[in-house]
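Trainee: sequence and predicted structure are below.
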Amino acid sequence: MKRLKHIICFVACVAMLTGCHSREEMAYSMDPVENVEALWQIIDTKYCYVEEKGVDWDAIHGVYLTKAATMAKDDQLALFDLCAEMLNLLQDGHVNLYSAFDRSYCTSWYDSYPTNFDSRLQGLYLKDYRIAGGLYYCTINDSIGYIYYSSFSSSFSASNIYWIFTAFKDCKGLIIDVRNNGGGDLTNSYKLSSPFFTENRVVGYWQHKTGPGHHDFSKMEELRSDTSLIASRWRRPVVVLSNRHSYSATNTFINIMRYADNAKIVGGTSGGGGGMPLSYELPCGWMVRFSSVRMYDAEQKDIEQGIEPDVAVEMKSQDKDDIIEKAIEMIYNW
């Protein structure tokens, strides 16, 4: 956890230093060429996945500068749409443009994947539930614990985990459903995985940008599992449910759980979002967010594009959740 806090502090400090401006510096420019050029340069020199995204960023430079040169200088909406269009070519959910009137977002990284989640069908299992912090939990079939976590931005405590596991003390296994969880606080990814490790293990690596070149990175440093929740160890089977909308901090949690004791990932490929984002300001005052820290699994494989499940399952039934049913079957046959 010390290394994780170091990463978060590093990103926060960089973001704070690059996002602060004095009153004398707040002379904003709406010039389209100036802003497109600044946006392109920021991504080219500071974004950590330029080459991995498979786009010709140099060619994009010329195309969008030409478009910007034909634009009216007072049309902020058109300029915003042009900048957003350029950013969306990266197909990265961590790359966003923020203004007072809009926020850009990219959907192409999940559009072609099956949804693999239906709240109506999930409701057939999530009955008579209790809520501990941000965790919804109940027992399925009187013998399997079920936790649904919709956002890693929702906090929970060691006491919450203790009471949940107490409720599941007679269960054969546990299902943790993080489908459609778009991420949040990375420290919660490590904390939620903590009870499933009996020892401190390497679960990944990280490195950050050190210069303007596409290959300018620090050396890789280890990321280790959290062992803080030692009082709430879970030694029985645990199945994590994933889909393409399991993104960012959720993607990290899924990666960590691949190295946990008695754990399997079931469902669809996760959404990715392996980098940690920070923000920079454009000449017009808008903010662009992008990843600057790369995250890897324990084999030093990039997790930006998502993580494949141990058992792939697609939802096809109209009267049951096929992914939950598969998890139940696996626990009974463990």
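Mentor: Okay, I see it.
Trainee: just want the most central residue of the chain.
Mentor: For the chain, the residue sitting closest to the mean C-alpha position, by CA atoms, centre = their mean, is residue 248 at 0.4 Å.
Trainee: so how far is residue 158 from that one?
Mentor: To residue 158, residue 248 is 24 Å away according to CB to CB, to the nearest Å. Yep, even glycine has a C-beta here, placed from its N, CA and C like the rest.
Trainee: repeat for residue 242
Mentor: 25 Å.
Trainee: these two - which one has more neighbours?
Mentor: residue 242 (33 against 14; other CB atoms under 10 Å).
Trainee: got phi/psi on that one?
Mentor: phi -130, psi 150 (degrees, to the nearest 10).
Trainee: return the set of residues that bridge with the closest residue to it other than its chain neighbours.
Mentor: Nearest residue to residue 242 in three dimensions, chain neighbours excluded: residue 267, at 4.4 Å (CB to CB, 6 or more residues apart in numbering). Per DSSP bridges, the residues bridged to residue 267 are residue 242, residue 312.
Trainee: dump the residue contacts of residue 267.
Mentor: Taking CB atoms under 8 Å, 6 or more residues apart in numbering as the criterion, residue 267 is in contact with 116, 179, 241-243, 309, 312-313, 323.
Trainee: how about 6 Å then?
Mentor: By CB atoms under 6 Å, 6 or more residues apart in numbering, the contact list for residue 267 reads 116, 241-243, 309, 313, 323.
Trainee: could I get the residues you listed in CSV, plus columns for pLDDT?
Mentor: Listed next are the contacts of residue 267 as CSV, based on pLDDT from 0 to 100:
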residue, pLDDT
116, 98
241, 98
242, 98
243, 98
309, 98
313, 98
323, 98
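Trainee: with distance to residue 252 added, can I get those in a markdown table?
Mentor: Supplementary listing: these in a markdown table, determined by distance: CB to CB, whole Å:
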| residue | distance to residue 252 |
| --- | --- |
| 116 | 19 |
| 241 | 16 |
| 242 | 12 |
| 243 | 16 |
| 309 | 15 |
| 313 | 22 |
| 323 | 20 |
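Trainee: so which residues of the stretch 151-300 of the chain form helices?
Mentor: In the stretch 151-300 of the chain, the helices defined using DSSP state H, counting those that start in this stretch lie at 158-167, 186-193, 249-257.
Trainee: low pLDDT regions in this protein?
Mentor: Judged by pLDDT under 70, the chain has its weakly predicted residues at 1-26.
Trainee: max-length strand in it?
Mentor: strand 287-296 (DSSP state E).
Trainee: tell me what it is packed against?
Mentor: The contact analysis (3 or more CB pairs under 6 Å, 6 or more residues apart in numbering; DSSP states H and E) places strand 287-296 against strand 96-98, strand 202-208, strand 276-281.
Trainee: just to revisit the earlier point, out of the helices of the stretch 151-300 of the chain, deepest packed?
Mentor: helix 249-257 (a mean of 27; mean count of other CB atoms under 10 Å).
Trainee: specify the angle between that one and strand 202-208 in degrees.
Mentor: 140 degrees (axes from the mean of the first three to the mean of the last three CA atoms, to 10 degrees).
Trainee: could you dump helix 249-257 to PDB, C-alpha only?
Mentor: In PDB, the C-alpha atoms belonging to helix 249-257 read as follows (Å, rounded to 0.1, in the frame of the first residue of the first chain):
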ATOM      1  CA  ALA A 249     -10.100   1.000 -10.500                       C
ATOM      2  CA  THR A 250     -12.400  -1.900 -11.200                       C
ATOM      3  CA  ASN A 251     -10.000  -3.200 -13.900                       C
ATOM      4  CA  THR A 252      -7.200  -3.000 -11.300                       C
ATOM      5  CA  PHE A 253      -9.300  -4.900  -8.700                       C
ATOM      6  CA  ILE A 254     -10.000  -7.700 -11.200                       C
ATOM      7  CA  ASN A 255      -6.300  -7.900 -12.000                       C
ATOM      8  CA  ILE A 256      -5.400  -8.100  -8.300                       C
ATOM      9  CA  MET A 257      -7.900 -10.900  -7.700                       C
END
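Trainee: nearest residue to residue 129 other than its sequence neighbours?
Mentor: Closest to residue 129 by CB to CB, 6+ apart is residue 138, at 4.1 Å.
Trainee: got a list of contacts for the helix or strand harbouring that neighbour?
Mentor: Assigned by DSSP states H and E, residue 138 falls within strand 135-140. Residues outside strand 135-140 that contact it (CB under 6 Å, 6+ apart) are 125-126, 128-130, 146-149, 156, 164.
Trainee: list the contacts for residue 154?
Mentor: Shown in contact with residue 154 (CB under 6 Å, 6+ apart): residue 134.
Trainee: same deal with residue 40?
Mentor: Contacts of residue 40 by CB under 6 Å, 6+ apart are residue 61.
Trainee: wouldn't residue 208 be in contact with residue 216 here?
Mentor: No - using CB atoms under 6 Å, residue 208 is not in contact with residue 216, being 9.8 Å away.
Trainee: quick one, which of these two is more surrounded?
Mentor: More crowded of residue 208 and residue 216, by other CB under 10 Å: residue 208, with 19 against 13.
Trainee: I am finished for the moment; much appreciated.
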